[in-house]
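**Student:** Structure for the following, please:
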Amino acid sequence: MLTRRKFHAVLAGTALVGGCQEAKLAAATTLTVYSMKTAWHPIPDIGDWPLDHVAVTASSGTQWGCFGRTQAEEPANSKAIAQGAGDAMWAAEIAGPDGHSGIEFGVTGICHHCANRITAPANIDARRSPGNEIATPIFGRFGLGRPALVQRIKDAAKRVNAAHPRRISDAAVAAVVKRVSGGLKDEWEIVNEDFEQYLKPALKDEYETFKGDIEHVYLGLYHHREALFAAYSRGTIDKARFVARMNSGFTASLEDLKDVLGPERFGRIVPIPIKVAADYVFYQLPPAYQ
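**Tutor:** Here you go, the predicted model:
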């Protein structure tokens, strides 16, 4: 999914459209999410499990590696999976100087969530990337900590408008805030798409028989993670405890899914040992990359 290469970004260039002396309107910029076959194998037992790394580009020239490689570093290994019109300056402010968009890797999200935050103003995401079927149930569409993300989006727009008055409208900010505040309803749409894409082909004619129980397992994981993150946010548990409990919760959910489906059917969906899968998702990057 990821490499240990440092994030490289170029500050976005912008073109302004005339037509109003008081307002400098944002030039349309194309934001693109790329899926890249992972070369990152911190856990040898993982083998060739298909979890892709994702990165983001802007047509103005900016590259966001989202904790790993940029599309420019490996263009032949990059596949565009989502594209939409956005504002490169706003996206750059949401990403921040480190390009991580407020995500703490393996704690509040992974590369998929970093990309989804950067491209939130363009209303695109990484749902078409292999591995998103694991990333979304654990960390949601935009990563954990929606109130902080809402404030980050608002503050990013303010900084852009301070330099370029009225570039980003209040209506645009409100639309993005609403988009990232969808919670379970928004997430459920993606999870159901993942069910259809990954589970249905594996279970074939038995899919409808098991779907309801699979949904119950997912909802249990959702409520577990939300309660844990609330405790972490309040300071009643520290980061190490939070990550450990998230890992054990994910492990328990996979064990539940295995019990629901039976070992043979479960193996068609998760072809590696459960503990290895959990350790991979919650792998902690060295401090230099966080």
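**Student:** Now stretch 148-160: buried residues?
**Tutor:** L149, V150, R152, I153, A156, A157, V160 (16 or more other C-beta atoms under 10 Å). For the C-beta atoms, the positions are set from N, CA and C on the backbone; glycine is no exception.
**Student:** could I get the residues you listed as TSV with pLDDT?
**Tutor:** Output for the buried residues of stretch 148-160, formatted as TSV (pLDDT from 0 to 100):
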residue	pLDDT
L149	97
V150	97
R152	98
I153	98
A156	98
A157	98
V160	97
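**Student:** Restricted to strands, list the residues you listed.
**Tutor:** Among the buried residues of stretch 148-160, no member falls in strands (criterion: DSSP state E).
**Student:** Let me have those in JSON lines, adding distance to Q71 as columns.
**Tutor:** JSON lines is the format used below for the buried residues of stretch 148-160 (distance: C-beta to C-beta, whole Å):
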{"residue": "L149", "distance to Q71": "24"}
{"residue": "V150", "distance to Q71": "28"}
{"residue": "R152", "distance to Q71": "24"}
{"residue": "I153", "distance to Q71": "24"}
{"residue": "A156", "distance to Q71": "22"}
{"residue": "A157", "distance to Q71": "25"}
{"residue": "V160", "distance to Q71": "24"}
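**Student:** Looking at those, which is nearest G102?
**Tutor:** Nearest to G102, judged by C-beta to C-beta, of these is R152 at 5.3 Å.
**Student:** list the contacts for the closest one?
**Tutor:** R152 makes contact with I94, S101, G102, R117, according to C-beta atoms under 8 Å, 6 or more residues apart in numbering.
**Student:** The first one and S101 touch, don't they?
**Tutor:** Going back to what we said before, that points to I94. Yes - using C-beta atoms under 8 Å, I94 is in contact with S101, at 5.6 Å.
**Student:** what touches both of the two?
**Tutor:** With C-beta under 8 Å, 6+ apart as the test, I94 and S101 both reach R117, I118, R152.
**Student:** So the last one versus V176, what's the distance?
**Tutor:** Same thing as R152. 11 Å (C-beta to C-beta, to the nearest Å).
**Student:** Repeat that for P165.
**Tutor:** Using C-beta to C-beta, one gets 19 Å for the distance from P165 to V176.
**Student:** any idea which helix is longest in this structure?
**Tutor:** What stands out as the longest helix in the chain, according to DSSP state H, is helix 207-234.
**Student:** Following element in sequence after it, please.
**Tutor:** As assigned by DSSP states H and E, the chain's next helix or strand after helix 207-234 is helix 239-261.
**Student:** Export the helix or strand just after that following helix to CSV, keeping only CA atoms.
**Tutor:** Later in the chain than helix 239-261, the nearest helix or strand by DSSP H and E is helix 263-269. Taking C-alpha atoms only, helix 263-269 is exported to CSV below (Å, rounded to 0.1, in the frame of the first residue of the first chain):
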residue,chain,number,x,y,z
PRO,A,263,-13.4,-21.0,7.0
GLU,A,264,-13.6,-21.9,3.3
ARG,A,265,-15.8,-19.0,2.3
PHE,A,266,-13.9,-16.6,4.5
GLY,A,267,-10.7,-17.7,2.8
ARG,A,268,-12.0,-16.5,-0.5
ILE,A,269,-12.3,-13.0,0.9
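**Student:** which residues in the stretch 1-150 of the chain form strands?
**Tutor:** Per DSSP state E, counting those that start in this stretch, the stretch 1-150 of the chain carries strands over the ranges 16-17, 25-26, 29-36, 53-58, 63-64, 78-86.
**Student:** Those: which one's closest to V276?
**Tutor:** strand 53-58 (18.5 Å).
**Student:** How about that closest one, which residues are buried there?
**Tutor:** Residues H53, V54, A55, V56, T57, A58 are the ones in strand 53-58 that count as buried (16+ other C-beta under 10 Å).
**Student:** Could you do stretch 265-272 as well?
**Tutor:** Within stretch 265-272, the residues scored as buried using 16+ other C-beta under 10 Å are R265, F266, I269, V270.
**Student:** Could you do stretch 158-170 as well?
**Tutor:** By 16+ other C-beta under 10 Å, the buried positions in stretch 158-170 come out as V160, N161, H164, R167, I168.
**Student:** Next, give me the two most distant ones among those.
**Tutor:** Greatest spatial distance in these: H164 and I168, 8.4 Å, computed using C-beta to C-beta.
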